[in-house]
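Trainee: Sequence first, predicted model second:
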Amino acid sequence: MGTPSASVQGRVKESVESGSGVQRDVLRCGVVGVGRMGQHHARKYAQLAGVELVGVVDESEERRLDAAERHGCEAFESEAALIEAGVDAVSIAVPTTYHLKCATPLLEAGVACLIEKPLANDVAEAQRLRDLAVKTGAVLMVGHIERFNPAVRALDRAARDESGAGGVQMLKPRFLEVHRVSPMTFRSVDVSVVMDMMIHDLDVVLWMMGGVEPVEVQASGIPVLTEHEDVCNARLTFDLPYGKCVANITCSRLAMKTERKIRIIGEQAYVSIDYAKKSGVLIRRTANQIQMDEIREALRKGTDLSDLDYSDLLAIEPLEIDDADQLELEITTFLEAVRSGTKPQIDAEAGFAAVRTAQRIMESARADWGGVER
C-alpha cells in the first residue's frame, strides 16, 4: 500500500491539529466498499449539498467502475490512492473483517471515518481503531443506524424537559425487553447473530444506560445452520446510580417473520417501540405522590378498587415520529462532526463498548458448547 504524499499528509494534519474541524464550503468525501451498504453511502454523498463525492474504492473493478460512472466520481484501487486525491471524510462499508485494514491508513492520514457497524471483528481490533482515532485526532463515528430510527429519536425528544435537558436516561430504565428476529437471508453467515443483528440493540441499550457497560452477562445461544450463534438470548445486568437495570435481548435469524421491538419499563414511564414500523408509545404515570399513597393504603386495607379506571392514572403519548431518512441523517450527523471538529454522536468509545459487550455475550453463550454437535 502506498503512502500519501507529504503535501496531502500536511494538509490533513493541519486540519486535525487545529481542533476546529474542516473549514471548507464543500467537504471532499469518499466511500471504501460499494457493495450492499456502501452503494447507498455513495449515493447519499453524491446527492447531499455541500459535499463532493471524490471517489470510491472497491476490490471489485466492476463494482468500483459502475459506482464511479453512476455518481460521476473517480474509481480507485486502494485507500492510498483515495487519500492522495484529497478527502476530508470517508465511509467504510467493507466486511467487518477488513475494517481495521481499510481504516488504518485513513485515520493515520487524519481522514474522518464513518465505519459501518460493528466497529471491528473483535475487541482487540476495536481497541486498535479507538486508540488510533485518539492518537491522530481524526473523527471516527460508528454506523449504528438504529440510533437514527425516527422512533428512537422521538423517544429521546419526548423524554427531555422544556429546556431540552435530560433524554432517555431520565426515564430511569429498570427493565428492557428487546426482540430482533427475521428469516434466514444467508447474508453475514460468517459471523454470529450477535455481531450481525444483536449489535444494533447493544448500542441502543448501552446508550440508554448512559454508556455504562453491564456488570454481569448471561447468555444462551445455539448454532443451527451455521457454525456461529443463529439464535441468542442475553441477559445483561447494569449497576446504575438509581439501582439495577436488566436488559433481556433475543435475536434470531431463523424466525418465520420479521420483528424488531423494544419495551422499556422505567421508574418514570413505560415505552414500547416498533423499529420496523417506526412507531412507538410513551406511557407516563400522572398520579401524584399523594394519590399513589392513597391507592397503596387502600390496597393494604383490602379496599375494592375495581371501579377505579387505571387509565386515569396515566398519560398515553404516541411518539411524534418524523419521516427522516435514517442513513442520510447518520451521514449528515457524521459530516457535522467533521465540520465542527466535535465528538460524533456514536464515537469510537461507544463502538468499542458495543463490540466488547457482544464478545462477552458470545463467550457466555459458548461456555457450554462442549456437547453441541456443529
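Mentor: Done, it's in. This is a predicted model, so every value here is computed, not measured.
Trainee: quick one, helices of this structure?
Mentor: 6-18, 38-47, 61-71, 79-85, 99-108, 123-136, 150-158, 193, 199-208, 289-300, 326-340, 348-366 (DSSP state H).
Trainee: For Val281, find the nearest of the ones you listed.
Mentor: Counting by C-beta to C-beta, Val281 lies closest to helix 150-158 out of the helices of the chain; the figure is 9.7 Å. C-beta here means a position set from N, CA and C on the backbone, and glycine is covered the same way.
Trainee: For the closest one, C-alpha coordinates in PDB please.
Mentor: Extracted in PDB, the C-alpha atoms of helix 150-158 (Å, rounded to 0.1, in the frame of the first residue of the first chain):
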ATOM      1  CA  PRO A 150     -37.300   8.000  14.000                       C
ATOM      2  CA  ALA A 151     -39.000   6.200  16.900                       C
ATOM      3  CA  VAL A 152     -35.800   6.200  18.900                       C
ATOM      4  CA  ARG A 153     -35.100   9.900  18.200                       C
ATOM      5  CA  ALA A 154     -38.800  10.700  19.100                       C
ATOM      6  CA  LEU A 155     -38.400   8.900  22.400                       C
ATOM      7  CA  ASP A 156     -35.300  10.900  23.300                       C
ATOM      8  CA  ARG A 157     -37.100  14.200  22.400                       C
ATOM      9  CA  ALA A 158     -40.100  13.200  24.400                       C
END
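Trainee: coming back round to it: for Ala93, which of the helices of the chain is the nearest?
Mentor: Going by C-beta to C-beta, the one of these nearest Ala93 is helix 38-47, 3.4 Å.
Trainee: what's the model's confidence in the closest one, averaged?
Mentor: For helix 38-47, mean pLDDT rounds to 98.
Trainee: Check stretch 260-268 too.
Mentor: The model assigns stretch 260-268 a mean pLDDT of 92.
Trainee: Which residues belonging to stretch 87-100 are considered buried?
Mentor: Val87, Asp88, Ala89, Val90, Ser91, Ile92, Ala93, Val94, Thr96, His99, Leu100 (16 or more other C-beta atoms under 10 Å).
Trainee: Okay, the last one and Asp122: tell me how far apart.
Mentor: When distances are taken as C-beta to C-beta, to the nearest Å, Leu100 and Asp122 turn out to be 10 Å apart.
Trainee: Check the fourth one too.
Mentor: According to C-beta to C-beta, Val90 and Asp122 sit 23 Å apart.
Trainee: Let's test this: name the helix or strand in this protein with the lowest mean pLDDT.
Mentor: Using mean pLDDT, DSSP states H and E, the weakest-scoring helix or strand in the chain turns out to be helix 6-18, at a mean of 46.
Trainee: Need the residues that contact stretch 353-361.
Mentor: The set of residues external to stretch 353-361 that reach it, using C-beta atoms under 8 Å, 6 or more residues apart in numbering, is 117-120, 122-123, 126, 142, 144, 192, 194-195, 198-199, 202-203, 206, 211, 213-214, 217, 219, 221, 232, 234, 236.
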